[in-house]
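Asker: no sequence on this one, just coordinates:
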């Protein structure tokens, strides 16, 4: 049975309808109306996406590739809105709508007290619409539309609490850094149009082999390979959107938005758009070894170095943010060794366990009254059993523990890099292997600091006497004062401005008005529904997605580059792969990290402070995030302002204002002043002028006549 365009339009437009109704009629429909209508839109979208996946994957429906609407025709160039639904798209649609649906449900609980409730639902539905347009598109123009639309919505969402200066700064930073990437992306699309004369995927991919031997001539001596230029420019777009080094700086700051956003943008959907796009462009990338090496090295650098920064973070959400940067590095590495299926497979498993970790962190933040600093947590497992268990599932999946879904995707990437002979593969293998140790270190540290060990917060109950004066009474007298347990951890006050770290509501950090409790069901149900695929989806789908060519024609790999094809020969099913994984280097590194962090954070918390003091220089480098932000600020932000001032004073003020505008104005004024003197209003002045004019005229004729 063939897919109908009406189904596909419904999938894309249902969230848009919800967005418009919640956004423009929020006051009329109220809070319940806003979340009901957007969740209904998402339910329709998710149900139909699942149906589409079933039709494409199991019922043998052919690949759908049709234009629905022609946007413009200029000569031989056409721009249209159309859908390309193959297995890659169908899988992405299900992941996007499923995670988005759970985030919508979760938001009911998380944003319960927020005045911008309806606006928030409107934004997240708009985000889902944009993301669906991006993954479903069958041409570069629509891809770019979706690309820019998710960028816009992420700007709106990161800066959602627009009264916080840090949120405004973070949203602007995300927007500006993404513009840098999009500049490259747009040039890449222009290069495709220039060399291949079309913006349609199918036509462009079919004529991709004609790029071989074509060059872009810059000067007489410099000729660049056309395929390499296209691939690198498109990848610059992916670097912005998928936060690759050096365009990664916006993602950790984007934690300023509410937690559901962190899960939606940074886990499952938006940041993976770049990964999806490179996988979709595999016919181009397979033509350029140079471009693939660039992708490989950049991804490997991100996988290791951004993960290292995660080890020194104390904000529960920032740990997960740096973890996302690191995992995006892994996906990029997979793209770089032509294991596109491995990258997309990790994208899918990561979407589940990372959304789970973000939403779990949000559940903790609710229980801690918007306290985000892990140094004021500890011992939360007895208060929040569901959050605790589901987050452990996510944590073990993230670490790549055998039989959890993250293991099947992450270890496959590490093995693919090991088997690859591409330039840069040795460096990348070191990075992704060391990254396994780093990932486990910051993940276990986060879990222990949050849920285990002694409680590092005090609960103060306020009871009122007859006069209504509140008396603070410490009911938990056996709780040590906040600062005693973690003297080592407190050696360093928050690196950032404390005002950034949640809203302490005027009380000192670590002091709660009532004991933490498990979050309501609208928060815990999405956690449970995400924990199930985090545990199971890898084992179920590893063989088809990675080793059986499930994606079919959606992904194109040259025979010589097919590392996954080589690995498929050794794959004997999920169970034996899991057992084998227990003896492999990545898992051994995870176990070592587990033992170290368990010893430090459960049995000897004071040691954390000692280690920090002993490795102060390294700690400082990581805490300052390798000074990348400072360098950017000094060169681009300050440099841009200085350049602007120079142009303004030297160019604008002196030349344009001084000479052209003011100069021409004063010239006109002078001429007018002279003319005014002539216009006296006396008749004999005018008669004199006429006679004088006549004499000059006759004299002129006479001179010419001579």
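Answerer: Arrived safely. None of the values given here were measured: they were computed from a predicted structure. Residues are numbered from 1 along each chain as shown.

Asker: only C-alpha atoms for contact and neighbour calcs from this point on.
Answerer: Noted.

Asker: So the protein: which segments form each domain?
Answerer: For the chain, the structural domains run 288-461+509-550+572-603, 628-705, going by the TED database.

Asker: who are the neighbours of the strand or helix carrying residue 143, in terms of helices and strands?
Answerer: Assessed by DSSP states H and E, residue 143 sits inside helix 140-158. In terms of contacts (3 or more C-alpha pairs under 8 Å, 6 or more residues apart in numbering; DSSP states H and E), helix 140-158 is packed against strand 77-85, helix 117-136, helix 165-196.

Asker: Please state the offset of the host helix or strand of residue 100 from the chain centre?
Answerer: Element membership for residue 100 (DSSP H and E) is helix 87-110. Computed by C-alpha atoms, centre = their mean, to the nearest Å, the chain-centroid distance of helix 87-110 equals 16 Å.

Asker: Just want the angle from it to helix 117-136.
Answerer: Angle of helix 87-110 versus helix 117-136, following axes from the mean of the first three to the mean of the last three C-alpha atoms, to 10 degrees, is 170 degrees.

Asker: can you redo the helices and strands packed on helix 140-158 as a markdown table with mean pLDDT and distance to residue 360?
Answerer: As requested, the helices and strands packed on helix 140-158 are exported to a markdown table (pLDDT from 0 to 100; distance: least, C-alpha to C-alpha, whole Å):
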| stretch | mean pLDDT | distance to residue 360 |
| --- | --- | --- |
| strand 77-85 | 93 | 33 |
| helix 117-136 | 95 | 19 |
| helix 165-196 | 93 | 22 |
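
Asker: Using TSV, lay out these together with mean neighbour count and distance to residue 534.
Answerer: Converted to TSV, the helices and strands packed on helix 140-158 look like this (neighbours: other C-alpha atoms under 10 Å; distance: least, C-alpha to C-alpha, whole Å):
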stretch	mean neighbour count	distance to residue 534
strand 77-85	20	26
helix 117-136	26	22
helix 165-196	20	29
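
Asker: If we go by neighbour counts, what in stretch 529-544 is buried?
Answerer: 529-539, 541-543 (16 or more other C-alpha atoms under 10 Å).

Asker: hmm, who's touching it?
Answerer: When contacts are defined by C-alpha atoms under 8 Å, 6 or more residues apart in numbering, stretch 529-544 is touched by residues 345, 349, 352-353, 355-356, 390-391, 393-394, 397, 403-409, 550, 571, 573-575.

Asker: What's opposite residue 66 in the beta bridge?
Answerer: residue 83 (DSSP bridges).

Asker: Show me where this protein dips below the pLDDT cut-off.
Answerer: 1, 267-268, 462-507 (pLDDT under 70).

Asker: Next, work out how far apart residue 601 and residue 441 are.
Answerer: Residue 601 sits 11 Å away from residue 441, going by C-alpha to C-alpha, to the nearest Å.

Asker: more crowded one of these two?
Answerer: The residue with more neighbours, out of residue 601 and residue 441, is residue 441; 26 against 20, by other C-alpha atoms under 10 Å.

Asker: The helix or strand the more buried one falls within packs against which elements?
Answerer: For residue 441, the element it lies in under DSSP H and E is helix 425-451. Helices and strands touching helix 425-451, by 3+ C-alpha pairs under 8 Å, 6+ apart, are helix 289-310, helix 316-336, helix 385-399, helix 405-419, helix 585-598.

Asker: Let me know which of those helices is the nearest to residue 262.
Answerer: Proximity to residue 262 (C-alpha to C-alpha) singles out helix 316-336 among these, at 8.1 Å.

Asker: packing partners for the closest one?
Answerer: Using 3+ C-alpha pairs under 8 Å, 6+ apart, helix 316-336 sits against helix 250-253, helix 273-280, helix 289-310, helix 340-367, helix 405-419, helix 425-451.

Asker: list the contacts for the nearest residue to residue 397 once chain neighbours are set aside?
Answerer: Distances taken as C-alpha to C-alpha, 6 or more residues apart in numbering place residue 406 nearest to residue 397, at 4.5 Å, with adjacent residues excluded. For residue 406, the contacting residues are 346, 349, 350, 353, 396, 397, 398, 399, 400, 534, 538, by C-alpha under 8 Å, 6+ apart.

Asker: Tell me the one among those residues nearest to residue 280.
Answerer: residue 346 (15.2 Å).

Asker: Would you mind listing the residues in contact with the nearest residue to that closest one once chain neighbours are set aside?
Answerer: Once flanking residues are discounted, residue 346 sits nearest to residue 409: 4.8 Å by C-alpha to C-alpha, 6+ apart. By C-alpha under 8 Å, 6+ apart, the residues touching residue 409 are 342, 343, 345, 346, 349, 538, 542.

Asker: re earlier: distance to residue 232 added to the helices and strands packed on helix 316-336, as TSV?
Answerer: Converted to TSV, the helices and strands packed on helix 316-336 look like this (distance: least, C-alpha to C-alpha, whole Å):
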stretch	distance to residue 232
helix 250-253	21
helix 273-280	10
helix 289-310	6
helix 340-367	16
helix 405-419	20
helix 425-451	18
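
Asker: Nearest approach to residue 203 belongs to which of the ones you listed?
Answerer: When these are compared by C-alpha to C-alpha, helix 273-280 sits nearest residue 203, at 13.6 Å.
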